[in-house]
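In: Mind folding the following:
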Amino acid sequence: MYIFLDESGQFTKCNNEHYFVIGSFTVGEPKRTSKDFRAFYRKHFPKKMRTQSEIKWSATGISDSLRLKTLKYISQLDVRIRYIYILRKNIPSEYLNENKIKEGLLYTNIVGELLDMYLPTGDSDFRVFCDRRKLSGMTSGKFKESIKARVLPKLPKGSIIQVDMIDSVTNVNIQIADWIAGALARFLEDGALGKECQIALKGNIIGEGKELFNLHSI
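Out: Here you go, the predicted model:
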């Protein structure tokens, strides 16, 4: 099982955003998905963007109609999507230290909760690829070990576990995860084209998105 994930939003910077979203997907043939997506944007995106090594959902110079067209193409790549999100104002006190967010601890827990949505599994090859990001209060090594320790009990004995943080510039599948997360955030934020984004990906979403720290459910 190969899982690619990326996030949309920040824990501390507002930018009129209320949610922090992590979008993820699995796919049968990651190399083919990467190749096909790169071929798509080299054909359909503005000429000046076609040779870029990375094109993010939030990039300027992309119209919403092209964003929607791209999402519809992603939905044809046999991606199976799961996602998790939090309403930033609901972050519990245990993730705060003198009103500062323990970002590394919080991010690690959210990723762990997301991966729980894929488990247990009979697949003995479990590989997770996250976009590289700074984890305040936690090293990347500690993050990897924490995630491995969390998923290990739910995998078959002797499983191969890989957890890596990769620069999205070098990994097209991480870029696809960025597009998925950005589209889902647009929907959750009730932004322009948000409903259309949700409809475009609906057939690829397994189950429902998971909200953490939902105060109404306590």
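
In: Spit out the contact partners of Ser34.
Out: The contact partners of Ser34, by CB atoms under 8 Å, 6 or more residues apart in numbering, come to 171-173. For every residue, glycine as well, the C-beta is placed using N, CA and C.

In: ditto for Ser159
Out: In this structure, Ser159 makes contact with 123-126, 152, judged by CB under 8 Å, 6+ apart.

In: Compare these and tell me which is most surrounded.
Out: When neighbours are taken as other CB atoms under 10 Å, the top entry among the contacts of Ser159 is Phe126 (23 neighbours).

In: buried sites along the stretch of helix or strand that one belongs to?
Out: Using DSSP states H and E, the element containing Phe126 is strand 125-131. Burial within strand 125-131, assessed by neighbour count using 16 or more other CB atoms under 10 Å, is assigned to 126-131.

In: Stretch 48-68 now?
Out: By neighbour count, with 16+ other CB under 10 Å as the criterion, the buried positions of stretch 48-68 are 49, 54-57, 62, 67-68.

In: Could you do stretch 150-163 as well?
Out: Buried, per 16+ other CB under 10 Å, within stretch 150-163: 150-151, 155, 159, 161, 163.

In: Which single one of these is nearest to Leu115?
Out: The nearest member of those to Leu115, counting by CB to CB, is Val151 at 5.7 Å.

In: Just give the number of residues close to the spatially closest residue to that closest one that is not a sequence neighbour.
Out: Among residues not flanking Val151 along the chain, Leu115 sits closest, at 5.7 Å (CB to CB, 6 or more residues apart in numbering). Each residue near Leu115 was counted by other CB under 10 Å, and the total is 21.

In: Leu115: helix or strand, and which one exactly?
Out: Taking DSSP H and E as the criterion, the element that holds Leu115 is helix 103-116.

In: List the residues that contact Lys69.
Out: Under the criterion of CB under 8 Å, 6+ apart, the contact partners of Lys69 comprise His44.

In: CA atoms only for the helix or strand hosting it - export them in PDB, please.
Out: When elements are defined using DSSP H and E, Lys69 is found to belong to helix 64-74. Presented in PDB, the C-alpha positions along helix 64-74 are these (Å, rounded to 0.1, in the frame of the first residue of the first chain):
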ATOM      1  CA  ASP A  64     -10.900  28.000 -11.500                       C
ATOM      2  CA  SER A  65     -12.200  26.300 -14.700                       C
ATOM      3  CA  LEU A  66      -8.700  24.800 -15.200                       C
ATOM      4  CA  ARG A  67      -8.600  23.700 -11.600                       C
ATOM      5  CA  LEU A  68     -11.900  21.900 -12.000                       C
ATOM      6  CA  LYS A  69     -10.800  20.400 -15.300                       C
ATOM      7  CA  THR A  70      -7.600  19.100 -13.500                       C
ATOM      8  CA  LEU A  71      -9.700  17.600 -10.600                       C
ATOM      9  CA  LYS A  72     -11.900  15.800 -13.000                       C
ATOM     10  CA  TYR A  73      -8.700  14.400 -14.600                       C
ATOM     11  CA  ILE A  74      -7.400  13.300 -11.200                       C
END
